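Trainee: Sharing a sequence plus its predicted fold:
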There are 2 protein chains.
Amino acid sequence: MNNLLDQIEPILLMGPGPSNVPSAVYEALARPTIGHLDPVFINIMDGVKEQLRTLFKTENTLTLPISGTGSAGMEACFVNLVEPGDEVLILINGVFGQRMQDVATRLRAQVDTLVYPWGTPVDPNDVRQKLKEKAYKIVAVVHAETSTGVCNPVGIIGEIVKDTPALYLVDAVTSFGGIEVDVDEWGIDAIYSGTQKCLSCPPGLAPASFSDRAVEVIEKRKTKVPNWYLDLSLIIQYWEGAKRAYHHTAPINMIYALYQALALILEETPAAVYQRHMTNHLSLVEGLERLGLEMLVAPEFRLPMLNAVKLPEGLNEGEARKALRMDHKIEIGAGLGPLAGKIWRIGLMGNTSRAENVERILSAMDEILLHD
Amino acid sequence: MNNLLDQIEPILLMGPGPSNVPSAVYEALARPTIGHLDPVFINIMDGVKEQLRTLFKTENTLTLPISGTGSAGMEACFVNLVEPGDEVLILINGVFGQRMQDVATRLRAQVDTLVYPWGTPVDPNDVRQKLKEKAYKIVAVVHAETSTGVCNPVGIIGEIVKDTPALYLVDAVTSFGGIEVDVDEWGIDAIYSGTQKCLSCPPGLAPASFSDRAVEVIEKRKTKVPNWYLDLSLIIQYWEGAKRAYHHTAPINMIYALYQALALILEETPAAVYQRHMTNHLSLVEGLERLGLEMLVAPEFRLPMLNAVKLPEGLNEGEARKALRMDHKIEIGAGLGPLAGKIWRIGLMGNTSRAENVERILSAMDEILLHD
């Protein structure tokens, strides 16, 4: 039988994720599957929790990978914390803020929003004002808005939320492992990420962490979590304590891979990893500007791992991206929503963020833009 | 740094799942990650859908792996089909029927149940009677009740449900790939499975299929699905049609592995795979009875892939299972709920269902029971 997997070839993944996976992570992924209650597997689970606490900079007990991709992490945070009628404030400046609004609304929250033009950051002053006007149960924001390349001031907003009773919920899907995320210092109560961005692990898990205050809110719910699969009060019993009661079967091999991916980052040290992301970002931007291209986002709000660059007038962007993929074996991302056809999104995430990759994309883009 | 992954050693997985993964599936899992919108990946997605249709014996367009473990499949089926107040009938004879009741109740369905002693099957006559008394939107049953080793008469119940307007929802987590599952012939409207049972792929995906009638019910919902991550009306746009709109990032490498696992089954042919499961089951039962042990379930209702055997009086089952795991490198499953301490669950699932494995467990059990 014709095996479709033989069509897979190594691609330089410079889109909005997945990023390129190191060989040690593939090796971890392919280790023998063992039981989800096996003592060796439980040791690995405990190891992953500890690694995540280190990288999230938190003491949170409830720190674990959710069994789904990054969006399942978003779903898990909202479905566990929201009860019908709860007041939720969502700060929106791209696709993922919009998605938060959709998720929370489906759970029958009362959702207020602060909306900003795509490519600009959330303004903390507006948040301060809004929090004076109304008591919210949850304030939610995306740290690294993957659809635009904007870094929202999560630390500054955290200072403001701290002065209120609200829980602070942060999407760190694209930021985690690429720029600093300081859960405890920033007063974050619920945070989730994905494995396929700066962790450079295949997609399939959503690392997450919850403050004791968030856990208390979950424990005191008036209604059961309307999602058995993601009910943290049940999942805790598998991930914590002596008993390790079966809830659902963990994605065992994916957890091996996450363990290895986190081990690589901690070995290099988070500080060195963040510096590498910044250095390669600056060198990419310099190169793009040398090619006559302009960045979407103002320098002080740019993400190092997701570079939104404006397209030259008249470029057939679909054809050009196809040429990059087919002739140069490089994947980059198209614009989404109002930015479709207007920008490209060039990822420099995790293991992909390397000087040689910056050179390779710049040289490929040079060729493509010249020949278009 | 001490790498916890080095503690992993090959274990003969004869519990209730995961089962042992063939080397070709590990190789598939470790193929290079590519983009979730890459044309090569879309071909593989299409390939997996076609393979699943073949093994599920269905023409259903909406046939795909849900991005989570088997329990996410259960969640996906209920959350998409149930709206608050809907009448649902759940047939319960073990843990997974109970879980269905919990899932549906959280979604504010009106749940009626038919409950049977653990170790016995659902009686289709009761279902017929119940369906005469009330109009249900959904009738749900577990095909292979992993907690007891009972096979429920899904085909016969399907004939009864067909005569009513109810949708027929079936859990095939443990049956799929080990015994025949005939979705179209049995009139099944929604079905889900898991990858780590008879498909012998690591856990992390839930193959599922939905009839056109189920899709119509989803399309005509009065309320939005209260779960963005599992909303099939959105997921369809990624898995079907020409456009392939981004919803969430698919667990790419897990989908490679599922493709390869299904390719192996289709190559051996489903009929030969089912026969192999039956042959090894019969030989295991014969061996267990030779050791003086008794099966929990009457012969005509036994599952070939999950063998529930009663424990001898006075056995310290925890110690004995530990000896199997530590000295013999074999994992088997304990009893759950009312069967805890009373039975062991011996899996012969997928790639684990081999004559040499039957011999190995029988010889290990012989030693352990003699020395206890």
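Mentor: Sure thing, it's come through. Numbering: from 1, shown residues only, chains lettered A, B, ... in the order given.
Trainee: Model confidence at the residue nearest to residue A:141 when sequence neighbours are not counted, what's the number?
Mentor: In this structure, residue A:141 finds its nearest non-sequential neighbour in residue A:91, 4.3 Å apart by C-beta to C-beta, 6 or more residues apart in numbering or on different chains. C-beta here means a position set from N, CA and C on the backbone, and glycine is covered the same way. With respect to pLDDT, residue A:91 scores 98.
Trainee: secondary structure element for residue A:91?
Mentor: Using DSSP states H and E, residue A:91 sits within strand A:87-92.
Trainee: Point out the other helices and strands that that strand packs with.
Mentor: Contacts defined by 3 or more C-beta pairs under 8 Å, 6 or more residues apart in numbering or on different chains; DSSP states H and E place strand A:87-92 against helix A:95-106, strand A:110-115, helix A:124-133, strand A:138-142.
Trainee: didn't the residue nearest to residue A:141 look like it was pressed against residue A:122?
Mentor: Yes: applying C-beta atoms under 8 Å as the test, residue A:91 and residue A:122 come out as touching, 4.4 Å apart.
Trainee: Now for the two: what residues contact both?
Mentor: Common contacts of residue A:91 and residue A:122, defined by C-beta atoms under 8 Å, 6 or more residues apart in numbering or on different chains, comprise A:114, A:116, A:141, A:152, A:157.
Trainee: can you tell me which two in these are farthest apart?
Mentor: A:116 and A:157 (12.6 Å; C-beta to C-beta).
Trainee: Those two: who's more crowded?
Mentor: Set residue A:116 next to residue A:157 and count neighbours by other C-beta atoms under 10 Å in any protein chain shown: residue A:157 wins out with 26 against 20.
Trainee: Next one: the lengthiest helix in chain A, is it in contact with chain B?
Mentor: Secondary structure of chain A per DSSP state H: the longest helix is helix A:270-290. No: contact of helix A:270-290 with chain B (C-beta under 8 Å from any C-beta of the partner chain) is absent, the minimum separation being 14.2 Å.
Trainee: elements contacting that helix?
Mentor: strand A:306-310, helix A:355-371.
Trainee: For the most centrally placed residue in chain A, give me its contacts.
Mentor: Closest to where the C-alpha atoms of chain A average out (C-alpha atoms, centre = their mean) is residue A:173, at 0.8 Å. By C-beta under 8 Å, 6+ apart, the residues touching residue A:173 are A:70, A:73-74, A:96, A:142, A:144, A:146, A:192-194, A:197.
Trainee: re earlier: how about TSV for the helices and strands packed on strand A:87-92, with mean neighbour count and mean pLDDT added?
Mentor: Output for the helices and strands packed on strand A:87-92, formatted as TSV (neighbours: other C-beta atoms under 10 Å in any protein chain shown; pLDDT from 0 to 100):
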stretch	mean neighbour count	mean pLDDT
helix A:95-106	21	98
strand A:110-115	17	98
helix A:124-133	15	98
strand A:138-142	28	98
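Trainee: Touching, residue A:369 and residue A:312? I think so.
Mentor: Yes: using C-beta under 8 Å, residue A:369 is in contact with residue A:312, at 6.6 Å.
Trainee: you'd agree residue A:243 is up against residue A:42?
Mentor: No: at 10.9 Å, residue A:243 and residue A:42 do not qualify as touching, with contact defined as C-beta under 8 Å.
Trainee: Between the two, point out the one with more neighbours.
Mentor: Shown here are residue A:243 and residue A:42; by other C-beta under 10 Å, residue A:42 has more neighbours (15 against 8).
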